[in-house]
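Q: only geometry, no sequence info:
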């Protein structure tokens, strides 16, 4: 044989190298399939120029019907292993919420000792190994599915290069939001870079002044109550106030949420985005742009703040959307794809980055932004109006003035001091106080059959806390009008149980709308427009009553429905402007 060697030796030597490289690529892909997020749906938006793929399963073109998107169809191995892991997740959630009772039971039975804990640890370790094996099998199932392989490849490319082209490709998939790359950060804005990571500014209750010695003794004496208050707020208190943050409820609602998100993306052209707030929480948002399709209304952006069990997928965003406005919805911290817990500070931090995103990323001016809130969303809405006074208007639907009276309603009377401390220190939703800091147009929508924000019952409309929100606002803006007689007239109008009784009160006081308008316009022309106004200072008693009722009807509209009834599009109107 020639000493120069076989001519095939270089080729034969390269075969193991290429095979090894290919094996490494396949192994890397398998690992990515194991650790990759759950894929739920493939979105497709209407595009007449796109050639729809041929599919034998659910998808576009099935049965001659052109579909915009379809649910992801896992193969049998992935479907069964995912089911096992889902049940394990549910059992873990149940054990987490029942852990105090479980630990107490095990302690009473004598199971919390070293001799009993060692076997439990062995069983737990075995179970974790089995679950790891199930996850590996699920990875094989995903690895053999071309749709998932295509998705995970696009996701990895987007993480390496977050370009608009890759973002557009990734937006065609609905998957676990934890793996979604960030689209906007709070510190991207130069004016926000010096802001403390702890959070934005909130209104704080005024501290009570005491002597130094008395203060120390008082603090020591109240320490047990402070500890209990902290535990209540961070355990069942937060979950009672924001049930939408409970994982089990979210799992039960997941099919409905996925359906709502598919509608927003595929039918409305919605754009999902992840925002990072100053506290590190990820905020899940959905933007529907109608600037090019709905005329003047589409140029206005309505930022929607949901209720305590509301999600943008199925929440109040639908009302302004049907009217024709551009809409930006977002989920509370701990809701849907958003991370964190919905305490007031985290809520305000989330709202801040949402507003910044609307201005600096979506390109809306402050004068074209309307803040719209339903129920408990009134806290973040009033905070935004207070912190960004240039916003165009504020609409509050079924909201309240203060959380404390509603919290006292559902707790035992003997707990009153503890409830008061807990609310004021950890859940101080002071909507009325924040609302009075805003100078712009406001519309309050009161549900006449509201069963949630009434302190006695839906039949007692005077116990609706929306009444107190209106009174606080009017008393701040028009103190000379809202004297004792003016407040009494407004209360009588608020107590009307029907539109006929409301009109009867209005006519009995002989309210002249034209006269009231001219008085306010004349004052606005001659005086400063900053509230509070001194209009009504030299007015007769009858004039003040007329003006008080006129202002009450301009600032509040009644909607004959219960708390959770969706607001019809025709009820969503712009606030009154003088």
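A: Thanks, I have it. Quantities reported herein were computed from a predicted structural model and do not represent experimental measurements. Numbers count the residues shown, from 1 in each chain.
Q: so where do the helices sit in the stretch 201-350 of the chain?
A: Secondary structure of the stretch 201-350 of the chain (DSSP state H, counting those that start in this stretch): helices at 212-221, 223-232, 238-241, 247-262, 295-298, 318-323, 344-360.
Q: Indicate which one of those helices is closest to residue 506.
A: Distance to residue 506, taken as C-beta to C-beta, is lowest for helix 318-323 among those, at 27.1 Å. All C-beta spots, glycine's among them, are computed from the backbone N, C-alpha and C.
Q: Listing request: residues of the stretch 301-450 of the chain with sub-threshold pLDDT.
A: Applying pLDDT under 70 to the stretch 301-450 of the chain flags no residue at all.
Q: And the strands in it?
A: 301-305, 326-330, 369-374, 393-397, 442-447 (DSSP state E, counting those that start in this stretch).
Q: In its sheet, which strands sit next to the second one, and in what direction?
A: It refers to strand 326-330. When pairing is defined by DSSP bridges, strand 326-330 lines up against strand 282-288 (antiparallel), strand 301-305 (parallel).
Q: Out of these, which is the most enclosed?
A: Mean neighbours per residue, mean count of other C-beta atoms under 10 Å, is largest over the strands paired with strand 326-330 for strand 301-305, with a mean of 28.
Q: Report the helix or strand with the lowest average pLDDT across the protein.
A: helix 212-221 (a mean of 62; mean pLDDT, DSSP states H and E).
Q: Leaving out sequence neighbours, find the closest residue to residue 279.
A: The shortest distance from residue 279 to any non-neighbouring residue, by C-beta to C-beta, 6 or more residues apart in numbering, is to residue 349 (4.9 Å).
Q: if I read this right, the one you found contacts residue 275, doesn't it?
A: No. When contacts are counted by C-beta atoms under 8 Å, residue 349 is not listed as touching residue 275 (10.4 Å).
Q: got any residues that touch both of the two?
A: Common contacts of residue 349 and residue 275 (C-beta atoms under 8 Å, 6 or more residues apart in numbering): residue 186.
Q: Between these two, which is the more surrounded one?
A: The neighbour comparison of residue 349 against residue 275 (other C-beta atoms under 10 Å) goes to residue 349, with 27 against 24.
Q: can you pull the contacts of the more buried one?
A: Counting by C-beta under 8 Å, 6+ apart, residue 349 touches 186, 199, 200, 277, 278, 279, 281.
Q: try 6 Å
A: For residue 349, the contact set (C-beta atoms under 6 Å, 6 or more residues apart in numbering) comprises 199, 200, 277, 278, 279.
Q: Go through the residues you listed and name the one nearest residue 329.
A: residue 277 (16.0 Å).
Q: Counting neighbours, what do you get for that closest one?
A: 27.
Q: and what of residue 340?
A: Quick note: residue 340 (other C-beta under 10 Å) scores 20 neighbours.
Q: That one and residue 358, how far apart?
A: Here residue 340 is placed at a distance of 20 Å from residue 358 (C-beta to C-beta, to the nearest Å).
Q: TSV for the strands of the stretch 301-450 of the chain, including distance to residue 429?
A: Listed next are the strands of the stretch 301-450 of the chain as TSV, based on distance: least, C-beta to C-beta, whole Å:
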stretch	distance to residue 429
strand 301-305	12
strand 326-330	18
strand 369-374	12
strand 393-397	13
strand 442-447	16
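Q: Can you check which of the ones you listed gets nearest to residue 139?
A: Judged by C-beta to C-beta, the one of the strands of the stretch 301-450 of the chain that comes nearest to residue 139 is strand 326-330, at 32.8 Å.
Q: Just put the contacts of residue 349 in CSV and tack on pLDDT and distance to residue 404.
A: Shown next, in CSV, are the contacts of residue 349 (pLDDT from 0 to 100; distance: C-beta to C-beta, whole Å):
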residue, pLDDT, distance to residue 404
199, 87, 22
200, 93, 22
277, 97, 26
278, 95, 27
279, 95, 25
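Q: Of those residues - the most surrounded one?
A: That'd be residue 277 among these, by other C-beta under 10 Å, with 27 neighbours.
Q: From residue 488, how far out is that one?
A: Computed as C-beta to C-beta, the residue 277 to residue 488 distance reads 45 Å.
Q: Also residue 496?
A: Residue 496 is 14 Å from residue 488, by C-beta to C-beta.
Q: These two: who's more crowded?
A: Per other C-beta under 10 Å, whichever of residue 496 and residue 488 has more neighbours is residue 496, with 17 against 12.
Q: Give me the local confidence score for that one.
A: Looking at residue 496, its pLDDT stands at 91.
Q: Please name the residues that touch it.
A: 502, 505.
Q: beta partners of the closest residue to residue 283 other than its chain neighbours?
A: Nearest residue to residue 283, sequence neighbours excluded (C-beta to C-beta, 6+ apart): residue 275, at 4.3 Å. Per DSSP bridges, the residues bridged to residue 275 are residue 184, residue 283.
Q: Quick check: residue 275 touching residue 353?
A: Yes. If you go by C-beta atoms under 6 Å, residue 275 and residue 353 touch, sitting 4.8 Å apart.
Q: a markdown table for the strands paired with strand 326-330, including distance to residue 223?
A: Formatted as a markdown table, the strands paired with strand 326-330 follow (distance: least, C-beta to C-beta, whole Å):
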| stretch | distance to residue 223 |
| --- | --- |
| strand 282-288 | 35 |
| strand 301-305 | 36 |
